[in-house]
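**Q** below: sequence and its predicted model.
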Amino acid sequence: MDKILPWDAQPINQGHITMPPIRSSALLLPGRSSYNDAPMIKPLEMMKPTIAPTQVHLETFGCQMNEYDSELVRSLMKQDGFVFTDERERADVILMNTCAIRENAHNKVYKHLSELKKLKRQRPLVIGVLGCMAQNLKEELTDIQPLVDVLAGPDAYRQLPMLIRNAMLSQAEGEDQKGIAVDLSEYETYHDVIPDRNDKVNAWIAVMRGCDNFCSFCVVPYTRGRERSRDPEGIVQEARRIAEQGFKQITLLGQNVNSYRFDNWDFARLITAVADVPGIERVRFTSPHPKDFPLSLLEAVVSHPRICKQIHLPLQSGSDRILGLMNRTYTNNECRTLVDRIRTLQADIVLSTDIIGGFCGESEEDFAETYRLLEDIRFHSAFIFKYSERKNTIAARKFPDDVPDSVKTERVTRLFDLQRNISYERNREYLKRTLPILVEGDAKRSAAQGMGKSDGNITVIWDKSAVPSKPGDMLSLAIYDASSTTLYAERPPIN
Ligand code: 5AD
Ligand code: SF4
């Protein structure tokens, strides 16, 4: 069957990419002009394809920001006449929104790409790599992986429909022209694009993008570029629309979310304004940097009834020497003081962290400091990673990756074991307590069980035959059992 390209256009040359004139824009907020001053929202009638539309399959790897970016990509592409399919086998275009943060994320994408080789031999297929890997590995991906037709970095999604159309045209003509758009922008925040959200309960809003911190281990400043914040009015307007659509929770996102700044708005003011929007029951944020927690933000979190009493506090290490090499700009003592200050304001707040084991030059003593920090703070949960050297980062350029892999494994295993016990004990503190639970859906293991989150973002499971529930319900449930990862709940006893 003939495939319709969203429209025919004479390519024009714009710098390093060849592009047809842009005729539409992504779904726009009312009252805004588009990126290119193209017409406002296109009437759907005009966009109706006459032949089968191009089917796109999009897979997302990595963090919540990538999930959110995939929502932006779907919005931008649907507005351009593409349709999405869950079935890879039916797709004319397969896109991978990738993550480059650690080597295993990177390897996953390569494995996936090699699986697509066979599919591409069988039929015309355009393959696109989006996101952080596209940005970071442009030479490698196009040289080593001739099967990749399109690369689009995190600031280039507006060009994606055009890049894909060009790749389809080029393929139809028996050519093999690559579409590459990986330039980083100082301004792009996609403020006018309404994400095509999959979830019905939680809505992500990226309030800032990029990062200027240059932690020495981290590739993000290179793949996502400079820090830039979205205008607060647009964010609050989006929050209102989200509430009208029936979402119950908003999670504010950013690589360094609490360094949000726009004119005289800081993150404390922004999160309060979002939490004030009627209809939204819970507001969360991720991922913050420990250096950006002024008292005003802590007070906003603890005093606003709809801001969850939960903070993710990525500490990375407990050794001052390693924190210095990592360029984290705080010390072990400052971490402890911050945690004490938070707990003085709200004793039962749920705290979690990220830790990297086996960073360059980490000695047994350095590691022991990290171990002690976890032991002393007793986070509710921790994400523990083996250090993974990333190309171009400060650490890759300056410090040898000298902790043997076996030692890294042994250290992170010790941290896992410690944290598993702490999480178990922490979760068992909830036994016999009744908690408000926001229902998300069915449990992963069984549709007979409901699954939701406590205010502290801990997973809660219950038997649906005893407690019927649907996504978005707020339940009040009694906790009768707990593991290191999950709370088990039932209807509270009637007094
Ligand atoms: N190696 C291991 N872990 C890393 N992280 C970021 N970069 C690396 C790396 N090169 C971890 C940090 C960060 C989390 C999102 O990923 O702990 O907080
Ligand atoms: Fe990476 Fe550090 Fe920025 Fe977080 S704050 S994204 S770890 S550079």
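**A** Thanks, I have the structure now. Residues are numbered from 1 along each chain as shown. Ligands and ions are numbered 1, 2, ... in the order given.
**Q** check residue 102 and give its pLDDT.
**A** You'll see residue 102 listed with a pLDDT of 92.
**Q** in contact with residue 186, which residues?
**A** 225, 226, 228 (CB atoms under 8 Å, 6 or more residues apart in numbering). For every residue, glycine as well, the C-beta is placed using N, CA and C.
**Q** put together a markdown table for the residues you listed, with secondary structure on each row.
**A** What follows is the contacts of residue 186, written out as a markdown table (DSSP: H, G, I helix; E, B strand; the rest coil):
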| residue | secondary structure |
| --- | --- |
| 225 | coil |
| 226 | coil |
| 228 | strand |
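**Q** most neighbours, which of these?
**A** residue 225 (22 neighbours; other CB atoms under 10 Å).
**Q** residue 155 versus the closest residue to that residue other than its chain neighbours, what's the distance?
**A** Closest residue in space to residue 225, ignoring its immediate chain neighbours: residue 184 at 3.4 Å, by CB to CB, 6 or more residues apart in numbering. Note on residue 184: its distance to residue 155, by CB to CB, to the nearest Å, is 5 Å.
**Q** for residue 460, same thing?
**A** 38 Å.
**Q** buried residues in stretch 101-119?
**A** By neighbour count on 16 or more other CB atoms under 10 Å, the buried set for stretch 101-119 is 101, 102, 105, 106, 109, 110, 113, 116.
**Q** now do the contacts for the last one.
**A** Put plainly, it is residue 116. 94, 125, 127, 147.
**Q** for residue 360, same thing?
**A** Applying CB under 8 Å, 6+ apart, the residues near residue 360 are 325, 387, 395, 399, 400, 401, 402, 403.
**Q** so which residues on the protein come close to ligand 2?
**A** When proximity is defined as CB under 6 Å from any ligand atom, the chain approaches ligand 2 at 211, 213, 214, 215, 218, 220, 221, 255, 256, 289.
**Q** and the closest residue to the third one other than its chain neighbours, how far is that from ligand 1?
**A** The shortest distance from residue 214 to any residue other than its chain neighbours is 5.2 Å, reached at residue 221 (CB to CB, 6+ apart). If you measure residue 221 against ligand 1 using CB to the nearest ligand atom, to the nearest Å, the figure is 11 Å.
**Q** what of residue 436?
**A** 28 Å.
**Q** chain center to the helix or strand where that residue lies: distance?
**A** Here residue 436 sits within strand 434-442, counting by DSSP states H and E. Taking CA atoms, centre = their mean, to the nearest Å, one finds strand 434-442 lying 22 Å from the centre of the chain it belongs to.
**Q** flag every buried residue along that strand.
**A** Buried residues in strand 434-442, counted by 16+ other CB under 10 Å: 435, 437, 438, 439, 440, 441, 442.
**Q** okay, now residue 194: neighbour count?
**A** 18.
**Q** and for the one 10 residues further on?
**A** In terms of burial, residue 204 registers 22 neighbours under the definition other CB under 10 Å.
**Q** what are the phi and psi angles of it?
**A** Dihedral pair for residue 204: phi -80, psi 140, per degrees, to the nearest 10.
**Q** contacts only, for it.
**A** 64, 67, 68, 71, 195, 197, 250, 251, 253.
**Q** can you pick the most crowded of those residues?
**A** residue 250 (26 neighbours).
**Q** that residue should be in a helix, yeah?
**A** No - assigned with three-state DSSP, residue 250 falls outside any helix and is strand.
**Q** so it is in contact with residue 242, correct?
**A** Yes - assessed by CB atoms under 8 Å, residue 250 is found in contact with residue 242 at 6.1 Å.
**Q** closest one of the contacts of residue 204 to residue 453?
**A** Distances from residue 453 to these, taken as CB to CB, are shortest for residue 251 (11.0 Å).
**Q** and stretch 266-285, end to end?
**A** 14 Å (CA to CA, to the nearest Å).
**Q** can you list contacts of it?
**A** Contacts of stretch 266-285 (CB under 8 Å, 6+ apart): 205, 207, 232, 235-236, 239-240, 242-244, 247-254, 257-262, 292, 294, 296-297, 299-301, 304, 306-308, 310, 438, 455, 457, 474.
**Q** could you list the low-confidence segments of the stretch 201-350 of the chain?
**A** Of all residues in the stretch 201-350 of the chain, none has pLDDT under 70.
**Q** any idea where the helices of it begin and end?
**A** Counting by DSSP state H, counting those that start in this stretch, the segments of the stretch 201-350 of the chain that form helices are 220-224, 232-244, 267-275, 295-303, 320-326, 332-345.
**Q** can you put these in CSV and add distance to residue 82 and mean neighbour count?
**A** CSV is the format used below for these (distance: least, CB to CB, whole Å; neighbours: other CB atoms under 10 Å):
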stretch, distance to residue 82, mean neighbour count
helix 220-224, 24, 22
helix 232-244, 23, 18
helix 267-275, 31, 22
helix 295-303, 40, 17
helix 320-326, 41, 19
helix 332-345, 45, 15
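**Q** in CSV: those helices, plus distance to residue 159.
**A** Compiled in CSV, the helices of the stretch 201-350 of the chain are given as follows (distance: least, CB to CB, whole Å):
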stretch, distance to residue 159
helix 220-224, 17
helix 232-244, 22
helix 267-275, 29
helix 295-303, 36
helix 320-326, 35
helix 332-345, 41
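**Q** of those, which approaches residue 162 most closely?
**A** Relative to residue 162, the nearest member of the helices of the stretch 201-350 of the chain by CB to CB is helix 220-224, separated by 21.8 Å.
**Q** give the other helices and strands that the closest one contacts.
**A** If you count contacts as 3 or more CB pairs under 8 Å, 6 or more residues apart in numbering; DSSP states H and E, helix 220-224 packs onto helix 132-136.
**Q** buried ones in the helix it packs on, by neighbour count?
**A** 132, 133, 134, 135, 136.
**Q** look up how far residue 153 lies from the second one.
**A** Think residue 133. 9 Å.
**Q** between those two, which contacts overlap?
**A** In contact with both residue 133 and residue 153: residue 223, using CB under 8 Å, 6+ apart.
**Q** do a quick rundown of the strands in the stretch 51-200 of the chain.
**A** 55-60, 83-84, 93-98, 126-131, 150-152, 179-181 (DSSP state E, counting those that start in this stretch).
**Q** hmm, residue 153 and the residue nearest to residue 225 touching each other?
**A** Yes - between residue 184 and residue 153 there is a contact at 6.7 Å, judged by CB under 8 Å.
**Q** what sits against the residue positioned nearest the centre of the chain?
**A** In the chain, the centroid-proximal residue (CA atoms, centre = their mean) is residue 64; its distance is 1.7 Å. By CB under 8 Å, 6+ apart, residue 64 lies in contact with 204, 251, 253, 286.
**Q** kindly reformat those residues as JSON lines containing distance to ligand 1.
**A** As requested, the contacts of residue 64 are exported to JSON lines (distance: CB to the nearest ligand atom, whole Å):
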{"residue": "204", "distance to ligand 1": "16"}
{"residue": "251", "distance to ligand 1": "15"}
{"residue": "253", "distance to ligand 1": "13"}
{"residue": "286", "distance to ligand 1": "10"}
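**Q** show me what the closest residue to residue 53 other than its chain neighbours is bridged to.
**A** Sequence neighbours aside, residue 83 is the residue nearest to residue 53 in space, at 4.7 Å (criterion: CB to CB, 6+ apart). In this structure, residue 83 bridges to residue 55 when assessed by DSSP bridges.
**Q** residues contacting residue 83?
**A** 53, 54, 55, 56.
**Q** please apply the same query to residue 259.
**A** Contacts of residue 259 (CB under 8 Å, 6+ apart): 208, 212, 227, 267, 289, 292.
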